[in-house]
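*Asks:* Quick one: sequence and predicted model below, then my questions.
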Amino acid sequence: MDTSYPREDYLPAPSHKREPSPTVLAVGASPTPRDHLIWSIFNTIYMNFCCLGFVALAFSVKARDRKVAGDVEAAQRFSSKARCYNTLATAGSVVLPLLLAALLITGVIHLSKLAQESVGFFTYQFSGSDDEDK
């Protein structure tokens, strides 16, 4: 009897070959909804018009959670709401300053015209002679 170590038994090695799994293609399946998280973070930090960016961030996080949980329909609803609030926040944060700048520029132009007219009024000189009576 041989008691030497290490003892090696030569057994046939199991085969590690994997059988190819069938590829499944879902025809007509909707793609996973986008969660718009980066856009929401940007709106929350930089352009938080009436807290719409924060609301969009909340819906984006909900959309991401639902997508991870596998509830595609709820993720689609939350994604749609996040996109809507992001659009409103971006539009409000871009349009409102442009509108205020336009009002400021038109106000300055109007005031400058009024100032020119008032300078003409205050520079009118009354003559001391009665040239008009002759």
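*Replies:* Sure, I can see it.
*Asks:* As a check, name the ranges of all strands in this structure.
*Replies:* With DSSP state E as the definition, the chain shows no strands.
*Asks:* And the residue nearest the centre of it?
*Replies:* Trp39 (3.0 Å; CA atoms, centre = their mean).
*Asks:* Can you tell me, leaving aside adjacent residues, what's nearest to that one?
*Replies:* Using CB to CB, 6 or more residues apart in numbering and skipping residues adjacent in sequence, the residue nearest Trp39 is Asn86, 4.9 Å away. Heads up, the C-betas are built off the backbone N, CA and C, glycines and all.
*Asks:* if I look at the residue nearest to the centre of the chain, how far off is Arg83?
*Replies:* Trp39 is 8 Å from Arg83, where distance means CB to CB, to the nearest Å.
*Asks:* same deal with Val95?
*Replies:* For Val95, the distance to Arg83 - CB to CB - is 18 Å.
*Asks:* Between these two, which has more neighbouring residues?
*Replies:* More crowded of Val95 and Arg83, by other CB atoms under 10 Å: Arg83, with 20 against 11.
*Asks:* which ones are touching the more buried one?
*Replies:* Arg83 is in contact with Arg34, His36, counting by CB atoms under 8 Å, 6 or more residues apart in numbering.
*Asks:* Could you do Asp65 as well?
*Replies:* So Asp65 contacts nothing (CB under 8 Å, 6+ apart).
*Asks:* Now do it, the pLDDT please.
*Replies:* You'll see Asp65 listed with a pLDDT of 95.
*Asks:* can you offset everything so residue one is 51?
*Replies:* I'll keep to 51 as the first residue from here, and by that count the last item is Asp115.
*Asks:* could you measure it against Ile95, distance?
*Replies:* 21 Å.
*Asks:* if we can go back for a sec, ok now do the residue nearest to Trp89, which residues does it touch?
*Replies:* With CB under 8 Å, 6+ apart, Asn136 has these contacts: His86, Trp89, Ser90, Asn93, Leu102, Gly103, Ala106.
*Asks:* Nice, that's everything, thank you.
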